[in-house]
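> Dropping a prediction and its sequence here:
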Amino acid sequence: MNSDFPSDVLLFGDSISLLKDFPDSKVHLILSDIPYGISMEDWDVLHSNTNSALLGHSPAQDKAGAIFKKRGKPLNGWSEADRQIPIQYYNWVCSWAKDWFRVLVPGGNVFVFAGRRLAPRCIVAFEEAGFTFKDMISWNKKQAPHRAQRLSVVYSRRDDEESAQKWEGWKIGNLRPVFEPILWFSKPYKIGGTIADNVLQYGVGAYNETVFQKYGLEPNNMVTVKSLQSDTGLHPTQKPLKLMQFLIELTTIKGQLVLDPFCGSATTLVAALNTERHYIGIENNTDYYNVGIKRLIKAKEELESTLFIN
Ligand SMILES: C[S@@+](CC[C@H](N)C(=O)[O-])C[C@H]1O[C@@H](n2cnc3c(N)ncnc32)[C@H](O)[C@@H]1O
């Protein structure tokens, strides 16, 4: 790596402002599980809608230890304030996507974990920043909590047994959400050259198909990776390490640089370390930053002890 540019670090701070000081064209892959803007936690509230029906939380939710600490009731009715949420999310993505584009080498890739509801806004913001929207990978998680309410129960509570019987089997809410989209963008390669020339010059632009087999996956755009016990407990939206390692090895070679500007418990960084890539992570929450630092130290120790044994 360039000596004037830090790598293999986890930085504390706001990535939107920190990235403005990053040099152009150094990063080979940005792999990030960005806030989905679905009001799951404080850091995920990216709109100014103070409607208490959305942002509150009920005693029942508290009791159930609901994962949505900020969601309150689901959006209902699409009030004017609710309609602003996707627009404000789009504006938020626009506020940093241009810097992501700038710091990547030509042909460099981006994988963004985005929520199903606001992913379209993310795609448009990235296209406007200059990226090509290459593909959408469906990450099949196998399991997901399901909270759709039974309509018959609602009517029974109102003592309306006739309606309860008529609507038996019907539910209010979404289907069980077992897949999450991973949006795949690339920075266009230089005009006048080919993608093959770009790979020779910058080392990126193609994908390594042999990696699917290595991770026991079918070579297509639907990947099934379960979260293991070791993939839980550090962050409310912690991603499986195997999935992150797969995405890194799919698009980069050893020694290249992976960036995660919203890195939470540093899963991306540990994945980069394990696959012998350089990494830079940024996190602005003190607790998660400290978790990430500890996790990286442990991962380095584990790696060193494996090397020693071998
Ligand atoms: C979806 S979580 C990432 C979780 C991660 N994939 C993991 O496995 O632990 C997004 C993280 O981005 C952080 N974040 C939000 N806004 C940020 C900002 N402007 N700069 C840096 N970090 C930010 C949040 O604190 C949160 O930990």
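Ah, there it is. Keep in mind the model is a prediction, meaning the values are calculated, not measured. Residues are numbered from 1 along each chain as shown.
> can you tell me which helix or strand the residue of the chain most remote from its centre belongs to?
In terms of distance from the mean C-alpha position of the chain, E162 ranks first, at 44.8 Å (CA atoms, centre = their mean). Per DSSP states H and E: E162 is located in helix 161-166.
> Which strands or helices does that helix pack on?
Under the contact criterion of 3 or more CB pairs under 8 Å, 6 or more residues apart in numbering; DSSP states H and E, helix 161-166 touches helix 151-157. Where C-beta positions appear, they are placed from N, C-alpha and C, glycine not excepted.
> mind giving me the domain split of the chain?
Following automatic domain parsing, the chain resolves into domains at 9-143+179-309, 144-177.
> Which among these is found nearest to the ligand?
Among those, the nearest to the ligand by CB to the nearest ligand atom is domain 9-143+179-309 (2.5 Å).
> Which elements pack onto the following helix or strand past the helix holding E162?
Using DSSP H and E, the helix or strand that follows helix 161-166 in sequence is strand 171-172. When contacts are defined as 3+ CB pairs under 8 Å, 6+ apart, strand 171-172 sits against strand 149-150, helix 151-157.
> comparing the ones you listed, which gets the lowest mean pLDDT score?
Here the lowest mean pLDDT among those goes to strand 149-150, at a mean of 87.
> how about the strands in this structure?
9-12, 27-33, 104-113, 132-140, 149-150, 171-172, 179-186, 222-224, 257-260, 278-283 (DSSP state E).
> Kindly reformat those strands as a markdown table containing distance to the ligand and mean neighbour count.
Shown next, in a markdown table, are these (distance: least, CB to the nearest ligand atom, whole Å; neighbours: other CB atoms under 10 Å):
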| stretch | distance to the ligand | mean neighbour count |
| --- | --- | --- |
| strand 9-12 | 9 | 16 |
| strand 27-33 | 3 | 25 |
| strand 104-113 | 7 | 24 |
| strand 132-140 | 12 | 15 |
| strand 149-150 | 26 | 14 |
| strand 171-172 | 27 | 14 |
| strand 179-186 | 11 | 20 |
| strand 222-224 | 16 | 16 |
| strand 257-260 | 8 | 27 |
| strand 278-283 | 5 | 26 |
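> Now those in CSV, please, with extra columns for distance to N91.
Putting the strands of the chain into CSV (distance: least, CB to CB, whole Å) gives the following:
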stretch, distance to N91
strand 9-12, 24
strand 27-33, 18
strand 104-113, 17
strand 132-140, 19
strand 149-150, 33
strand 171-172, 31
strand 179-186, 18
strand 222-224, 31
strand 257-260, 22
strand 278-283, 20
